[in-house]
Structures are given as structure tokens and as C-alpha cells.
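J.: Fold the following.
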Amino acid sequence: MWKKVSVSVRPVKRSDSRWVRKNKKFVALLAAGAVFMCAAQVSASLIPPDIVGNITATEITDGGVHDGWYFYEISVEWDLNGSGAGLSHFDIIFKGICDLPDIDFDSPAGYSTSASEPTNPSAMGWTGYFEPLGDPGVTDSPAIKFNSPHVPDGEAGAEGYGIFSFYADSAPVYGVYTDALVAKAGTLPLTYGDLTGYAPACVPEPTSMLLLGIGAFALLRKRKLRA
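T.: Numbers count the residues shown, from 1 in each chain. So this is what the prediction gives:
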């Protein structure tokens with residue numbers, strides 16, 4: 001935590017100037033230290049906002065409508081750095097060319113704290129959507145979108161946490177999915193964060209599989225020719 005420092009300035013005496021000439025290196029170090037402190041203070045005020053999440057998966061074998069699917073649960077925490085704008089929605093982005101899984105949601109699709117109840121994890125319910133063509137203004141990639149209700153004092157605050165879920169027919173793969181989470185809050189720049197855990201596998205489309213096969217065949221043939 002930085003404290004405000006006041007500096008007094010007095011006229012430079014001849015004796016002071018002689019001392020400065022004799023101790024040039026020491027004065028230079030003091031000046032560099034002052035510059036570093038100022039830069040550090042500026043960078044501290046530019047700490048970027050954060051959104052992070054962990055995801056788990058459970059196979060469903062109850063014989064119901066989602067039998068054979070997987071239930072995915074995501075715990076998400078966000079901090080928009082005291083911006084004053086509440087989180088309106090966040091996305092989980094599917095990167096790359098994929099044969100997209102079937103997605104379904106409960107209603108509500110999750111619960112979280114709110115601006116008016118920052119310590120109540122069930123203060124507000126969220127709605128889940130699957131956006132196969134992307135979320136306009138956020139991403140062109142397919143995305144799972146969780147939207148907060150826009151009611152007085154109900155929108156999620158600049159800081160909060162919640163538990164969200166969805167169903168998918170795609171088996172999970174463990175990983176750290178860099179920038180797979182993206183948060184939208186008013187007119188603020190988008191905030192990206194990592195999702196860690198068991199997320200639905202990205203299965204290449206048949207065309208992509210064919211291209212991968214051709215590439216593998218060409219590489220194998222090249223190796224044989226070299227041998």
C-alpha cells in the first residue's frame with residue numbers, strides 16, 4: 001500500500017553542489033530509485049481485472065433425459081478492480097474448429113452473489129445459453145454464455161463468486177484452458193481469465209480429421225523416403 005510522501009525543496013548552497021559533484025553515483029542511484037517508486041505506484045493502479053474458474057465433470061447414468069451425458073459444474077470468481085460496473089455476463093469459449101457438443105441447462109443455470117448481497121452465494125440466479133455462432137461483441141468462436149438478470153440491485157457486483165452448470169454429451173478432458181473465460185461488464189474492456197479442470201473435449205470436425213490424416217500420411221511418407 002503506497003503512502004503519500006511530501007517533499008520540501010530549499011535553495012541549493014555552494015557546499016551542496018560540491019557534495020553532489022563528489023557523489024555523482026550515489027545521487028544517480030537516488031534518482032533511479034525515485035523513478036522506480038513512481039513507476040511502481042502507477043503500475044499498481046493499472047492492475048488488470050480478473051476472472052478465474054474451476055470446472056468439474058460427472059457422468060450421468062440415471063436413465064433420464066441426459067443419460068450418458070456429462071454434468072459440468074463451474075465455480076467462478078471475478079474482481080473487476082473496483083470499476084463500479086457489475087458483471088453482466090461471462091462466456092466459456094470453445095477455441096479451434098470443433099464438432100460442437102450438444103449443450104443443455106437447468107433453470108436457473110447457476111447462482112451467485114449480487115451487488116446488494118455480496119456474501120450470499122445464492123443471491124441471484126443466472127440463465128444459460130449456447131451460442132454456436134459466437135457472442136456478438138465478445139467472440140466469434142462458439143461459446144457457452146451465462147447471463148445475469150438485469151433487475152434493480154440484482155446485477156452481479158464488480159466483485160463476486162458463484163456456481164454455474166450445464167450438460168454436454170461430450171466427454172471431459174483435463175487442462176488449463178487459457179483465456180477460455182471472458183467477462184463483460186458495461187462498457188469496460190473485456191476481461192479474460194483461465195478455466196482449469198475437466199472441460200468438454202474439442203472433437204475435430206470430419207473435414208479437419210481428413211486434413212490431419214493427410215498431413216500425418218505425408219509426414220510418414222517423407223520419413224520413409226529419407227530412410
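J.: quick one: residue 56 is in a strand?
T.: Yes - membership of residue 56 in a strand is supported by DSSP: H, G, I helix; E, B strand; the rest coil.
J.: Just the helices from this structure, written as ranges.
T.: Per DSSP state H, the chain carries helices over the ranges 14-22, 24-44, 206-226.
J.: Tell me which residues of the longest strand seen in the chain come out buried.
T.: In the chain, ranked by residue count with DSSP state E as the criterion, the top strand is strand 172-184. By neighbour count on 16 or more other CB atoms under 10 Å, the buried set for strand 172-184 is 172, 175, 177, 180, 181, 182, 183, 184. The C-beta positions use only the backbone N, C-alpha and C, and glycine is treated the same way.
J.: can you list the residues you listed in a markdown table and add distance to residue 166?
T.: Listed next are the buried residues of strand 172-184 as a markdown table, based on distance: CB to CB, whole Å:
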| residue | distance to residue 166 |
| --- | --- |
| 172 | 12 |
| 175 | 18 |
| 177 | 15 |
| 180 | 14 |
| 181 | 14 |
| 182 | 16 |
| 183 | 17 |
| 184 | 18 |
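J.: Low-confidence ranges, the chain, go.
T.: Residues of the chain meeting the criterion pLDDT under 70: 1-48, 82-84, 96-98, 150-154, 202-227.
J.: who touches residue 68 in this structure?
T.: For residue 68, the contacting residues are 59, 60, 61, 169, by CB atoms under 8 Å, 6 or more residues apart in numbering.
J.: For the last one, give me its contacts.
T.: Applying CB under 8 Å, 6+ apart to residue 169 gives the contacts 68, 69, 70, 101, 102.
J.: Next, it: phi, psi?
T.: Reported as degrees, to the nearest 10, the phi and psi values for residue 169 are phi -90, psi 10.
J.: And it, how close does it get to residue 199?
T.: 14 Å (CB to CB, to the nearest Å).
J.: One more: residue 137?
T.: From residue 137 over to residue 199 (counting by CB to CB), the distance is 23 Å.
J.: Please apply the same query to residue 157.
T.: Distance from residue 157 to residue 199, by CB to CB: 26 Å.
J.: Of these two, which one has the most company?
T.: residue 199 (25 against 22; other CB atoms under 10 Å).
J.: ok, that one touching residue 176?
T.: No - using CB atoms under 8 Å, residue 199 is not in contact with residue 176; the gap is 10.0 Å.
J.: domain ranges for the chain?
T.: The domain map for the chain lists 14-44, 50-207, with the assignment taken from automatic domain parsing.
J.: contacting residues for the spatially closest residue to residue 88 that is not a sequence neighbour?
T.: Nearest residue to residue 88, sequence neighbours excluded (CB to CB, 6 or more residues apart in numbering): residue 184, at 5.4 Å. Residues near residue 184 by CB under 8 Å, 6+ apart: 87, 88, 89, 90, 91, 137, 138, 190.
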